[in-house]
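> Output the structure for:
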Amino acid sequence: MPLALIISSHVAGSQVGASAQAAALVQFRIDSMVAPTVLYGRHPGWGVPGGAPVPIEVLEGMLDGVEANGLLSLTDVVITGYFASAAQVRAAARTIDAVRAAPRQNPPQGATARKPTVIIDPTMGDAGKGLYVPAEVAEAIASDLIPRADIVACNAWELQRLTGTDSRDPHAAVRAGRLLAKPTLVSSVERGNEIGVVYVDRKEAWLAAHAKAERSPSGTGDLLTALYAASILEGQTISYGLARAVGGVAETVTAANIWNAPELPIVGMAARIKQTSPSVRIERLA
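Take a look at the predicted model:
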């Protein structure tokens with residue numbers, strides 16, 4: 001079975017961060033190892049979260065234990081998200097290097113060993129909120145993690161901060177994404193009454209869009225990253241993987257509004273997040 005290593009937040013009472021991603025990935029029969037960067041009671045958007053950042057020596061010890069058990073050589077995808085300190089970012093960078101350097105297990109006869117995929121979500125801020133991590137954390141993500149990414153999964157505000165280029169509409173997001181010189185997944189891209197996600201690499205670009213929801217609980221970016229990671233491990237095409245991932249997020253947000261749920265009902269939508277949505281349209285941009 002595929003194996004993911006997620007280095008991000010653990011929030012006990014909110015469907016965000018690593019715990020939300022692990023809940024989504026299990027629906028695709030993908031096991032997760034979670035190395036938490038913070039242990040919070042609730043999303044900070046609700047108020048004082050409770051809990052605390054994970055001390056760097058604890059995080060490093062957890063990652064050392066994973067490595068000591070030979071699990072880095074089995075890791076198919078690494079996902080990084082929220083960090084509380086620049087030291088945590090550097091620990092994640094060292095772990096990514098170790099995953100890539102770990103000898104792959106012998107594949108079945110006639111197959112090739114699958115190389116691990118590294119997905120970096122540069123969790124640092126958002127439109128209307130600005131930077132919500134210390135500046136040194138944002139700088140460490142840009143300098144230590146973005147260069148190591150196979151895919152960057154950011155929101156439009158984060159892409160603009162990383163590139164210094166406007167990325168709020170689809171074609172602007174394509175231009176900004178190509179400045180990163182990495183395949184990039186850009187969420188929170190708006191056009192008229194629609195909101196969507198742009199995928200862009202040096203060869204092609206796609207938009208998956210849908211009508212804006214009345215309300216959107218926190219964690220949609222985390223869910224999107226997990227669902228797109230699942231599409232990569234399944235070998236889906238870019239356009240289908242994007243449409244399915246955005247569809248899973250859109251349907252989960254719709255359910256949250258219908259059920260008046262304060263958090264994303266990821267487990268309740270277990271079967272639905274594995275399908276495309278009729279509410280999402282896919283468009284090739286380049």
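> okay, and for the chain, where does confidence drop off?
Filtered on pLDDT under 70, the chain yields the residue ranges 106-113.
> just the strands in it please.
3-11, 31-40, 51-53, 77-80, 117-120, 125-126, 130-131, 151-155, 184-191, 194-200, 205-211, 281-284 (DSSP state E).
> and the first one, what does it pack onto?
Think strand 3-11. helix 17-25, strand 31-40, strand 77-80, helix 86-101 (3 or more Cβ pairs under 8 Å, 6 or more residues apart in numbering; DSSP states H and E). Bear in mind the C-beta positions are built from the backbone N, C-alpha and C, glycine included.
> if you set the cut-off to 6 Å instead, what comes out?
helix 17-25, strand 31-40, strand 77-80 (3 or more Cβ pairs under 6 Å, 6 or more residues apart in numbering; DSSP states H and E).
> Residues contacting the last one, please?
By Cβ atoms under 6 Å, 6 or more residues apart in numbering, the surrounding residues in contact with strand 77-80 are 4-7, 92, 96, 99, 117-120, 229.
> Sheet partners, orientation included, of it?
Sheet pairing of strand 77-80 (DSSP bridges) gives strand 3-11 (parallel), strand 117-120 (parallel).
> quick revisit: just flag the most distant two among the contacts of strand 77-80.
Spanning the widest gap among the contacts of strand 77-80 are 92 and 229, at 15.9 Å by Cβ to Cβ.
> Any idea which residue is closest to the centre of the protein?
Taking Cα atoms, centre = their mean, the centroid of the chain lies closest to residue 225, which sits 3.1 Å from it.
> Can you report how many residues neighbour residue 57?
10 (other Cβ atoms under 10 Å).
> Distance of it relative to residue 63?
11 Å (Cβ to Cβ, to the nearest Å).
> same question, residue 241
The gap separating residue 241 from residue 63 is 28 Å, by Cβ to Cβ.
> want to try JSON lines for the strands of the chain, with distance to residue 176 and mean neighbour count as columns?
Formatted as JSON lines, those follow (distance: least, Cβ to Cβ, whole Å; neighbours: other Cβ atoms under 10 Å):
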{"stretch": "strand 3-11", "distance to residue 176": "24", "mean neighbour count": "26"}
{"stretch": "strand 31-40", "distance to residue 176": "27", "mean neighbour count": "21"}
{"stretch": "strand 51-53", "distance to residue 176": "30", "mean neighbour count": "15"}
{"stretch": "strand 77-80", "distance to residue 176": "21", "mean neighbour count": "27"}
{"stretch": "strand 117-120", "distance to residue 176": "16", "mean neighbour count": "22"}
{"stretch": "strand 125-126", "distance to residue 176": "15", "mean neighbour count": "17"}
{"stretch": "strand 130-131", "distance to residue 176": "18", "mean neighbour count": "12"}
{"stretch": "strand 151-155", "distance to residue 176": "10", "mean neighbour count": "26"}
{"stretch": "strand 184-191", "distance to residue 176": "8", "mean neighbour count": "23"}
{"stretch": "strand 194-200", "distance to residue 176": "9", "mean neighbour count": "25"}
{"stretch": "strand 205-211", "distance to residue 176": "11", "mean neighbour count": "23"}
{"stretch": "strand 281-284", "distance to residue 176": "18", "mean neighbour count": "14"}
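> Redo the ones you listed as a markdown table? Include distance to residue 274.
Converted to a markdown table, the strands of the chain look like this (distance: least, Cβ to Cβ, whole Å):
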| stretch | distance to residue 274 |
| --- | --- |
| strand 3-11 | 16 |
| strand 31-40 | 16 |
| strand 51-53 | 31 |
| strand 77-80 | 17 |
| strand 117-120 | 19 |
| strand 125-126 | 27 |
| strand 130-131 | 35 |
| strand 151-155 | 19 |
| strand 184-191 | 18 |
| strand 194-200 | 17 |
| strand 205-211 | 16 |
| strand 281-284 | 17 |
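> Out of the ones you listed, the one nearest residue 104 is which?
strand 3-11 (12.1 Å).
> Let me see the residues that make contact with that closest one.
Contacting residues not belonging to strand 3-11 are listed as 17-19, 21, 25, 30-40, 43, 74-82, 92 [Cβ under 6 Å, 6+ apart].
> Please name the residues that touch residue 177.
With contacts defined as Cβ under 6 Å, 6+ apart, residue 177 is in contact with 184, 186, 200.
> In the longest helix belonging to the chain, which residues are buried?
Counting by DSSP state H, the longest helix found in the chain is helix 238-258. Of the residues in helix 238-258, 238, 241-256 count as buried by neighbour count, 16 or more other Cβ atoms under 10 Å.
> Contacts for stretch 181-201 next, please.
Residues contacting stretch 181-201 (Cβ under 6 Å, 6+ apart): 149, 151-153, 155-156, 159, 169-170, 173-174, 177, 206-209, 212, 221, 224, 238, 242, 246.
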